[in-house]
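[1] build me a model from this:
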Amino acid sequence: MGKIKTHKATAKRFSVTKSGKVKMNHTHRRHKLGLKTAKRKRQLRKGGYLSESMAPAIKFLIQKT
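    As a prediction, this is how the structure comes out:
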């Protein structure tokens, strides 16, 4: 059986920190920005962390083996 390949689209969007959390960028910052409040756009600038329940699935897709 061959090696499992890294899912490249996922690897470009997520990264794993040293503590094992999955880091991500927020969505909804590309277009229709005139409809969103300044507070909402400002909060979307910051990165976020994936939930603990979703993290194992993403880690499996971006494993480097």
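[2] quick one, phi/psi of Q43?
    phi -70, psi -30 (degrees, to the nearest 10).
[3] ok, V16 next?
    Dihedral angles for V16 - degrees, to the nearest 10 - are phi -110, psi 130.
[4] find the centremost residue of this structure, please.
    Centroid check for the chain by CA atoms, centre = their mean gives M24 as the closest residue, at 2.8 Å.
[5] in contact with it, which residues?
    R13, F14, G47, G48, Y49, L50 (CB atoms under 8 Å, 6 or more residues apart in numbering). Where you see a C-beta, it was placed from the backbone N, CA and C, and this is true even at glycine.
[6] can you tell me which of these are in strands?
    F14, G47, G48, Y49 (DSSP state E).
[7] quick one: contacts for the second one?
    In this structure, G47 makes contact with K23, M24, N25, H26, judged by CB under 8 Å, 6+ apart.
[8] where does the residue nearest to the centre of the chain fall, helix, sheet strand or coil?
    strand (DSSP: H, G, I helix; E, B strand; the rest coil).
[9] how much space between it and R40?
    M24 is 17 Å from R40, where distance means CB to CB, to the nearest Å.
[10] cool, and N25?
    For N25, the distance to R40 - CB to CB - is 15 Å.
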